[in-house]
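Engineer: sequence and computational prediction follow.
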Amino acid sequence: NAGVTQTPKFQVLKTGQSMTLQCAQDMNHNSMYWYRQDPGMGLRLIYYSASEGTTDKGEVPNGYNVSRLNKREFSLRLESAAPSQTSVYFCASKLAGEVYEQYFGPGTRLTVT
Amino acid sequence: KNEVEQSPQNLTAQEGEFITINCSYSVGISALHWLQQHPGGGIVSLFMLSSGKKKHGRLIATINIQEKHSSLHITASHPRDSAVYICAVKPSNYGGSQGNLIFGKGTKLSVKP
């Protein structure tokens, strides 16, 4: 099993450009999450998908959109990148239910100039 | 005030030392997680606990629900333990929860040979 994979690993964008971060998991997990990690702050939830076909906003959704393409894939789109979106983005997934832990992808380091 | 506070922020230890990292939280929770973020950026789950104590190898995690406090201990520390250790809680009364976590800012541990 590859676990949770993310592409790309690194990306540099100019202000106003758009891009999509891809996430896929092969563990048959129901729930998937997108987080951002900034220096001096804890991980913050951008969007999550409790199951295929549903998505919900997290703590910091502004400037982002998501698509739960199928059970395996959950993508994060920046329509018009801003320097404030410079961050490391992590995707995570888990089985439904409170007793299960989240599994994280390797992260995408995004710089917006 | 952050809902999840970790201390210390940074910790340097000599190989072999006993290490304690603390986590305090201010909300009612159904579970607490300890995660490890490697220098390369990857995040793995170490423990999930809702009461008492768990042990895995040289790592021990304890939680006191009444005091809203958890500790992560590392016995006989080794340079390979150098990482950021992150505490995260799952609030017990979180609207539309679906397993959403609140993360601490992390404790950066460096173990010197």
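Structural biologist: It's in. Every value quoted in this text rests on a predicted model; they were computed, and no experiment measured them. Residues are numbered from 1 along each chain as shown, chains lettered A, B, ... in the order given.
Engineer: can you give me the distance of the nearest residue in space to B:Ile19 that is not next to it in sequence to A:Ser49?
Structural biologist: Closest residue to B:Ile19 apart from its sequence neighbours, by CB to CB, 6 or more residues apart in numbering or on different chains: B:Ile74 at 4.2 Å. The way it works is simple: take the backbone N, C-alpha and C, and place the C-beta from them, glycine included. Look at B:Ile74 and A:Ser49: by CB to CB, to the nearest Å, they are 35 Å apart.
Engineer: that older thread, now do the contacts for the residue nearest to B:Ile19.
Structural biologist: Each residue near B:Ile74 by CB atoms under 8 Å, 6 or more residues apart in numbering or on different chains is listed here: B:18-19, B:58-60, B:81, B:109.
Engineer: can you check B:Thr75 too?
Structural biologist: B:18, B:58, B:60.
Engineer: so which bits of chain A are right by chain B?
Structural biologist: Residues of chain A lying near chain B by CB under 8 Å from any CB of the partner chain: A:31, A:33, A:40-45, A:48, A:50, A:56, A:58, A:88, A:90, A:94, A:96, A:98-104, A:106-107, A:109.
Engineer: contacts only, for the residue of chain A most remote from its centre.
Structural biologist: Centroid-distance maximum for chain A: A:Val99 at 21.9 Å, with CA atoms, centre = their mean. For A:Val99, the contacting residues are B:31, B:48, by CB under 8 Å, 6+ apart.
Engineer: need the three-state assignment for it.
Structural biologist: Of the three states, A:Val99 takes coil according to DSSP: H, G, I helix; E, B strand; the rest coil.
Engineer: how close does it get to B:His33?
Structural biologist: Counting by CB to CB - A:Val99 and B:His33 are separated by 12 Å.
Engineer: what sits in contact with each of these two?
Structural biologist: With CB under 8 Å, 6+ apart, A:Val99 and B:His33 have common neighbours B:Met48.
Engineer: B:His69 contacts B:Ser26, correct?
Structural biologist: No: the pair B:His69 and B:Ser26 fails to qualify as a contact (CB atoms under 8 Å) at a distance of 10.8 Å.
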